[in-house]
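>>> Quick one, fold the following:
(one chain, ligands or ions: 1)
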Amino acid sequence: MKPRILAILLISLFALGGRAGAGAPKEAPRVRADKFRIIDAHEHVESIKCVPKLLRAMAGAGVSGMMLVASPEELLGDVQDSKKGFTDPDANNEEILEIQKRHLGVFFGFATFAPDDIDMLEKLKGFIERGGTGLKLYNGHYDFYTRFKIPLDAPHLMGVYSYCEKNRIPVVFHANARLYWPELKRLLDAHPNLVVNLPHFAMSLITPARIRELFDNYPNVYADVSLGYFEYAYPSLEFISSRTSLIGELIRRYKTRFLFGADMVLTENPREDTIYISRMLTGYRNLLEKRRYTSILIEQFFSSLGEKKTEEIGYLNGLGLDEDTLRHIYELNPRRFLGLARD
Ligand SMILES: [Zn+2]
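Take a look at the predicted model:
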């Protein structure tokens, strides 16, 4: 218990120090943790052993449900070079299915398969028949796309999209909507009822026109707000910080299409404890809810440079979204995405 108490104390002291200093950043009124029943749309876990710490952190961060997307070992850190391949996704598919079964209504499992797996459709059917929720694809992830050289609209995938479309199976599809737009557009045109989340603002944060194009033309397309590992996340957070009115306006205009998520890749590593998880979840809430905020992602970025977070470098401008928009992102959209409710 002692190290944890110490950690909480240190975090509290740091937070107090941040607020008390001269020129301390102003924060929007604190949103109570229990104000929303958030369903998080995008996290990775290595195994069922991560669930207790995850549940504790979720309770503290106001997150009542979570979509868990399966990962190959390359993502979970068991294989060093992510360009090598797509190792043993079935092991994680099984873990995630088991988590969903043991916590029905709390966790929603999304199976994944290698981009070139020609048996993907049969395997996915099996996963859904056994109680799984959806499909996670990495085909439009730059590393896997360049490794496998499989177009997003390859024939073996079109059958998978048809099955998902017909049976309303939601798909979390890491697809870069800037790099692979012609392919993505072809498959969305061919499957207009496919329900799909394109994570990380569809990888198109720097081109909001692409996001508008997606949402205007494809009513079943969603995008989550997660930004990945801190190295990638920080430049995006900085980008948002310098354009809060542009991005805020985009999100408010398409408030029925954005989903909440932190895209954590949680392993059994004890460093990824309850505090770490809750700070990741809270960091993303801060980005959406506050006008000025800090986040563990900011802290990780500066400590990787050997710099300590200070008030000058440790705070960014947040979006300060209104309650109605937040309710859509946190509660209504994920439920509609999952097919639990329609509005
Ligand atoms: Zn992810």
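>>> List the contacts of stretch 273-288.
The list of residues contacting stretch 273-288 from outside it, by Cβ atoms under 8 Å, 6 or more residues apart in numbering, reads 4, 7-8, 11, 31, 40, 53-54, 56-58, 60-63, 225-226, 237, 240, 260-262, 264, 266, 293-298, 318-319, 321, 326, 329. Placement of C-beta: from N, CA and C, glycine included.
>>> Show the buried residues in those.
Buried members of these, counted by 16 or more other Cβ atoms under 10 Å: 31, 40, 53-54, 57-58, 60-63, 225-226, 237, 240, 260-262, 264, 266, 293-298, 318-319, 321, 326, 329.
>>> In strands, which of the residues you listed fall?
Restricting the buried ones among the contacts of stretch 273-288 to those inside strands, with DSSP state E as the criterion, leaves 40, 63, 266, 293.
>>> Residue 203: which of these is nearest?
When those are compared for distance to residue 203 (Cβ to Cβ), residue 40 comes out closest, at 19.2 Å.
>>> On the strand side of things, show who that closest one bridges to.
Residue 40 forms beta bridges with residue 66, as assigned by DSSP bridges.
>>> Correct me if wrong: it contacts residue 226.
No - because the distance of 9.0 Å does not satisfy Cβ atoms under 8 Å, residue 40 is recorded as not touching residue 226.
>>> which residues are in contact with both of these two?
When Cβ under 8 Å, 6+ apart defines a contact, the residues bordering residue 40 and residue 226 alike are 261, 262.
>>> Would you map the strands across the stretch 101-250 of the chain?
With strands called from DSSP state E, counting those that start in this stretch, the stretch 101-250 of the chain shows them at 107-112, 134-140, 171-175, 196-197, 221-224.
>>> Specify which residues of the chain, grouped into ranges, have pLDDT under the cut-off.
In the predicted model, the chain carries pLDDT under 70 at residues 1-34, 79-84, 309, 311, 342-343.
>>> Dump the ones in strands among the buried ones among the contacts of stretch 273-288 to CSV, plus distance to residue 246.
Written out in CSV, the entries for these read as follows (distance: Cβ to Cβ, whole Å):
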residue, distance to residue 246
40, 25
63, 28
266, 32
293, 18
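>>> Now compare those residues and name the two farthest from each other.
For these, the maximum inter-member distance is 22.6 Å, found between 266 and 293 (Cβ to Cβ).
>>> sorry, back to before: pick the most buried one from the strands of the stretch 101-250 of the chain.
Ranked by mean neighbour count, the strands of the stretch 101-250 of the chain are led by strand 196-197 with a mean of 28 (mean count of other Cβ atoms under 10 Å).
>>> Now do that strand: which elements does it pack against?
Contact here means 3 or more Cβ pairs under 8 Å, 6 or more residues apart in numbering; DSSP states H and E; on that basis strand 196-197 packs against strand 171-175, strand 221-224.
>>> try 10 Å this time
Under the contact criterion of 3 or more Cβ pairs under 10 Å, 6 or more residues apart in numbering; DSSP states H and E, the helices and strands touching strand 196-197 comprise strand 134-140, helix 155-167, strand 171-175, helix 181-190, strand 221-224, helix 333-338.
>>> Make CSV from those and add distance to residue 36 to it.
Shown next, in CSV, are the helices and strands packed on strand 196-197 (distance: least, Cβ to Cβ, whole Å):
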stretch, distance to residue 36
strand 134-140, 22
helix 155-167, 28
strand 171-175, 21
helix 181-190, 30
strand 221-224, 16
helix 333-338, 11
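>>> Can you say which of those is nearest to residue 208?
strand 221-224 (11.1 Å).
>>> ok, the nearest residue to residue 156 once chain neighbours are set aside - contacts?
In this structure, residue 156 finds its nearest non-sequential neighbour in residue 118, 4.9 Å apart by Cβ to Cβ, 6 or more residues apart in numbering. Taking Cβ atoms under 10 Å, 6 or more residues apart in numbering as the definition of contact, the neighbours of residue 118 are 154, 155, 156, 157, 159.
>>> now, among those, which is nearest to residue 202?
For those, the residue nearest residue 202 by Cβ to Cβ is residue 157; the value is 18.0 Å.
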